[in-house]
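Novice: Provided below are the primary sequence and the corresponding predicted coordinates.
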Amino acid sequence: RAVGLPALWSLTHNRLYDIQRSFLALWDQTKIPFQHYVLDQGSAPDVVEWLADQYTAGRIHYLRLEPTNIGISRGSNHLLDAALVGEFHSWICKFDPDIAVMTPRWLERLIARCPDEKTVMSPHVVGLEQHPGGAPRTKSDPGRRLGYVKHLGGAVNLANRRAWEEFGRWIVPAPAHGTQDAEFSQRLRDKGWTFAHAEDILVRHLRNVDHTAERRLVV
């Protein structure tokens, strides 16, 4: 049984090299047991093959292969439904497949850093500081090395299952592309949740930090 295990979920769509770098770093740097839920949206055969191989190897716990791109909101809702089934997971994390973990033991450290039961956490995302996905800090807690924000970008969002239950589901179809992150923050903020970055727990946004031409990793 997976009672108490954290769940991470990721939407994928092409960009095999990014997915490989992201997932391999995630699996290497996450030292506590967790379950990884993945939904692919109509990717090229090489992406589908690689994901299927990782599922067979047990690195991916749940894999759904959609033949077409069903959209961020619909795909996110499906993965959230899957992760919430059975009340197995006390912590659930949205994890984008263009993010590479830099800090060892990042997940257990991020969970431990959470200051209360109504805070959504993110690591510090290197490469998004001067990017629309970033958000200026509204206050800080130097003792806990937390930077609070009004809005979290959607790169990595970790919260206890209560947050995801109170959030509900994303609107389908979304009012406009790119509104899903704001929808998540606004709805939970209206219900009294706060948002914080753990400033010394680092991940990097691959496209903004590393512009290496796409190629296939040999793994």
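Specialist: Great, that's in hand.
Novice: Whichever strand in the chain runs longest pairs with which strands?
Specialist: Counting residues, the longest strand found in the chain (DSSP state E) is strand 194-205. Strand 194-205 has the following strand partners under DSSP bridges: strand 99-101 (antiparallel), strand 119-126 (parallel), strand 146-149 (antiparallel).
Novice: out of these, deepest packed?
Specialist: A comparison of the strands paired with strand 194-205 by mean neighbour count, using mean count of other Cβ atoms under 10 Å, puts strand 99-101 on top with a mean of 24. For the C-beta atoms, the positions are set from N, CA and C on the backbone; glycine is no exception.
Novice: now the helix or strand just after it: how far from the chain's centre is it?
Specialist: Per DSSP states H and E, the first helix or strand lying C-terminal to strand 99-101 is helix 106-113. A distance of 14 Å separates the centroid of the chain from that of helix 106-113, by Cα atoms, centre = their mean, to the nearest Å.
Novice: what helices or strands is helix 106-113 leaning on?
Specialist: strand 119-126, strand 156-160, strand 194-205 (3 or more Cβ pairs under 8 Å, 6 or more residues apart in numbering; DSSP states H and E).
Novice: and Arg109, which of the ones you listed is closest to it?
Specialist: The closest of these to Arg109 is strand 194-205. By Cβ to Cβ, the value is 5.6 Å.
Novice: Averaged pLDDT, the closest one. What do you get?
Specialist: For strand 194-205, the mean per-residue pLDDT is 96.
Novice: Using neighbour counts, pick out the buried residues of that strand.
Specialist: Residues of strand 194-205 classed as buried: Thr194, Phe195, Ala196, His197, Ala198, Glu199, Ile201, Val203, Arg204, His205 (neighbour count, 16 or more other Cβ atoms under 10 Å).
Novice: That concludes my questions; thank you for your assistance.
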